[in-house]
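Trainee: quick one: sequence and predicted model below, then my questions.
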Amino acid sequence: MINKTSLVRWGRFSQLSDRKEIIGGVLIAIAWFYLNISSLIWLFASLQDTALFNQAIFVATVATVAFLGVRYRQQIEFSYVPQLQLSPSLLMLGCGIGAIAIRWLLDIEQVSVLLFVLGTYGLAGLFISPNFWRKGLPVAVLFACILPFSLQFSVGLGFPIRVLTAYAVEHILNSWQIAAVSSHEIIVLENGIAQVDLPCSGLKSLWTGTLFLLAATWLENRQIRWRWLLVCSAHLLLLISANIGRVLLLVLIANVFDRPELAQIVHVPLGILGFSSACFFTWLLLQNVPINLGTKVATIQTKSAQADLKKKELILCALLIGLSLLPKPEVILAEPLALNQINLPARMELKSIPLTKFERNFFAEYPQTIAQKQRFKSDNLSGSILLVSTTSWQAHHAPELCFVGNGFAVEQMNKERLSPEVIGRWLSLENGQMNAVYWFQSNRQTTDEFISRFWSDVTRQQKSWTLVSVLFDEPEKVDSSEVREFVSNIHREIANSL
């Protein structure tokens, strides 16, 4: 049932009686979208690049929302004049400030777009009924979480979450005195390789778990305030912990106890058990969040209140304009290293060899990427060397998975100091008949950890990196003088080129 007093309040302004206040609302909207112009550009570009099916789904969703808005306009109680409610205003300003901070800290545009979508719902709260706005907030949060990552899923959270999961499992296993080392989204143990694939990333459980929390909040009419935010944070931590526990158990069963068939059987039940347990504990925590009892709506608006409204409009508009004028991080115009300019030692015999079809197709997806593969012979060492220079962390694949894909069996991988300047990964292949080594190198840092290379990229420290992957034809010793000199020479020449 529609509240008559609220209709009086909202209906009187829908007659366009106060043009100055309407202009104030338009200025607030313009200031908000100008503040988030980069997110709008990213959304437009992503919609153009996404599949036709996804575009159709997006258009259908917008059309459905518009249709429902027109059909249920009385329940929405739309007003052309902004009503500066506290919660929508704080949400909009908080998202604006958060987006600016995120752009300085992380080069992940999806997070900024998430805040933009959520802040836009805060802007909508200035023009619709407060009660209706509060009821739709859970849906807006869900939409804001799904939209940016569904448009460009491959560059969203899926891969970083898999890397972090593998990294966490590695440290837990090592604390139990079980030799394990992670790289990218895989974990190498003495008994084989465990890969954290997309179903194991836990990303779907995060989306579904968020939907569960928002649905439970809506059904139980809980207040979305600071206490709810604490419950939401705890919920996400529970889901992440449950997924790490599941991957850990699967690795123990399949690779430590050598029962891969049992791991296959319990894979899905463990996921369901962890997800259900996390949601159950979240529901218990949600019982401590106060129930939303609603708010009373004022029935009279005096001239002084109208004057105060105009002042608030000016203040809000000035704040948004001020935020848009704050300095933004400069776009890092990094270039990949020109591999043909690397002057490898003269005594090293080199012969170019073509990339595989899979490698060519993979690297072609990233324009700012240069890949080069060569056969080499240096004194008593021989083999092949792959150099991949790129400004995108996504173009740096896992060399150990490349070896596996080419038919080599990887038995062991260790972190080793390959030379005084280089800590890299040393791999044993084909029952010790071959060895391989790789590392990541920028002009400031050399590391064997993909997580370090990824973090350096997204935190705007280093954008241009080169992957060096060497496969020796014969078994070699990691501490041999020839290997150490070989690694030092390559590292030094790449550093000179950088």
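Mentor: Ah, there it is. What you see is a predicted model, and the numbers here were worked out from it, not measured in a lab.

Trainee: use CA for all of it now, contacts and neighbours both
Mentor: Fine.

Trainee: give the buried residues for stretch 253-267.
Mentor: For stretch 253-267, burial by neighbour count (16 or more other CA atoms under 10 Å) applies to 253-256, 263.

Trainee: cool, and stretch 482-492?
Mentor: Using 16+ other CA under 10 Å as the test for burial, stretch 482-492 gives 482-484, 486-491.

Trainee: in TSV: the residues you listed, plus pLDDT.
Mentor: As requested, these are arranged in TSV below (pLDDT from 0 to 100):
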residue	pLDDT
482	91
483	91
484	92
486	91
487	92
488	91
489	89
490	91
491	92
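
Trainee: out of these, who's nearest residue 231?
Mentor: Comparing the buried residues of stretch 482-492 against residue 231 with CA to CA places residue 491 closest, at 48.6 Å.

Trainee: what helix or strand does that closest one sit in?
Mentor: Using DSSP states H and E, residue 491 sits within helix 481-497.

Trainee: go on, residue 462?
Mentor: Using DSSP H and E, residue 462 falls outside every helix and strand.

Trainee: tell me where this structure has strands.
Mentor: Applying DSSP state E to the chain gives strands spanning 180-183, 186-189, 192-195, 349-352, 369-378, 381-390, 410-417, 423-429, 434-441, 446-447, 465-472.

Trainee: worst average pLDDT in these?
Mentor: Mean pLDDT values for the strands of the chain show the minimum at strand 192-195, a mean of 70.

Trainee: quick check: domain ranges of the chain?
Mentor: 1-156+299-329, 161-297, 339-497 (automatic domain parsing).

Trainee: quick one, grab the pLDDT at residue 346.
Mentor: At residue 346, pLDDT is 66.

Trainee: cool, and the one 10 residues further on?
Mentor: Reading off the per-residue confidence, residue 356 sits at a pLDDT of 80.

Trainee: try residue 62
Mentor: 70.

Trainee: what about it, distance to residue 385?
Mentor: 51 Å (CA to CA, to the nearest Å).

Trainee: in stretch 459-469, which residues are buried?
Mentor: Of all the residues in stretch 459-469, those buried under the rule 16+ other CA under 10 Å are 459-460, 462-469.

Trainee: wait, stretch 227-238
Mentor: For stretch 227-238, burial by neighbour count (16+ other CA under 10 Å) applies to 228, 231-232, 234-236, 238.

Trainee: can you tell me how far residue 84 is from residue 132?
Mentor: Distance, residue 84 to residue 132, by CA to CA: 15 Å.

Trainee: please apply the same query to residue 217.
Mentor: Per CA to CA, residue 217 is found 15 Å from residue 132.

Trainee: so which of the two has more stuff around it?
Mentor: The residue with more neighbours, out of residue 217 and residue 132, is residue 217; 22 against 13, by other CA atoms under 10 Å.

Trainee: could I get the pLDDT score of that one?
Mentor: In this prediction, residue 217 carries a pLDDT score of 82.

Trainee: next up, the contacts around it.
Mentor: Residue 217 makes contact with 138, 223-224, 286, according to CA atoms under 8 Å, 6 or more residues apart in numbering.

Trainee: quick one: the helix holding residue 491 to strand 465-472, angle?
Mentor: On the basis of axes from the mean of the first three to the mean of the last three CA atoms, to 10 degrees, helix 481-497 is oriented at 160 degrees to strand 465-472.

Trainee: for helix 481-497, packing partners?
Mentor: Applying 3 or more CA pairs under 8 Å, 6 or more residues apart in numbering; DSSP states H and E, we find helix 481-497 packed against no helix or strand.

Trainee: list the buried residues in stretch 449-456.
Mentor: By neighbour count with 16+ other CA under 10 Å, stretch 449-456 contains the buried residues 449-451, 453-456.

Trainee: likewise stretch 41-51?
Mentor: Using 16+ other CA under 10 Å as the test for burial, stretch 41-51 gives 42-43, 46-47.

Trainee: among those, which one lies nearest to residue 395?
Mentor: Closest approach between these and residue 395, by CA to CA: residue 46, at 19.1 Å.

Trainee: where does the closest one land on pLDDT?
Mentor: 76.

Trainee: tell me how far it lies from residue 147.
Mentor: Going from residue 46 to residue 147 by CA to CA gives 11 Å.

Trainee: again, but for residue 140
Mentor: For residue 140, the distance to residue 147 - CA to CA - is 10 Å.

Trainee: who has more neighbours out of the two?
Mentor: It is residue 140, of residue 140 and residue 147, that has more neighbours when counted by other CA under 10 Å, with 20 against 17.

Trainee: ok, the more buried one - contacts?
Mentor: Counting by CA under 8 Å, 6+ apart, residue 140 touches 118, 121.

Trainee: tell me the confidence at it?
Mentor: So, for residue 140, pLDDT stands at 82.

Trainee: again with residue 158
Mentor: 66.

Trainee: residue contacts, residue 451?
Mentor: When contacts are counted by CA under 8 Å, 6+ apart, residue 451 touches 163-164, 184.

Trainee: any chance of the strands of the chain in CSV, plus distance to residue 109?
Mentor: Shown next, in CSV, are the strands of the chain (distance: least, CA to CA, whole Å):
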stretch, distance to residue 109
strand 180-183, 25
strand 186-189, 26
strand 192-195, 27
strand 349-352, 38
strand 369-378, 20
strand 381-390, 19
strand 410-417, 33
strand 423-429, 31
strand 434-441, 24
strand 446-447, 26
strand 465-472, 20
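
Trainee: for these, which one sits closest to residue 360?
Mentor: Comparison of these against residue 360 by CA to CA identifies strand 369-378 as nearest, at 8.6 Å.

Trainee: that closest one: partners in the sheet, and parallel or antiparallel?
Mentor: Here strand 369-378 is paired, per DSSP bridges, with strand 349-352 (antiparallel), strand 381-390 (antiparallel).

Trainee: in the first one, what's buried?
Mentor: Read that as strand 349-352. For strand 349-352, burial by neighbour count (16+ other CA under 10 Å) applies to residue 350.

Trainee: show me what contacts residue 117?
Mentor: Counting by CA under 8 Å, 6+ apart, residue 117 touches residue 144.

Trainee: repeat for the one 3 residues further on
Mentor: Under the criterion of CA under 8 Å, 6+ apart, the neighbours of residue 120 are 32, 92.
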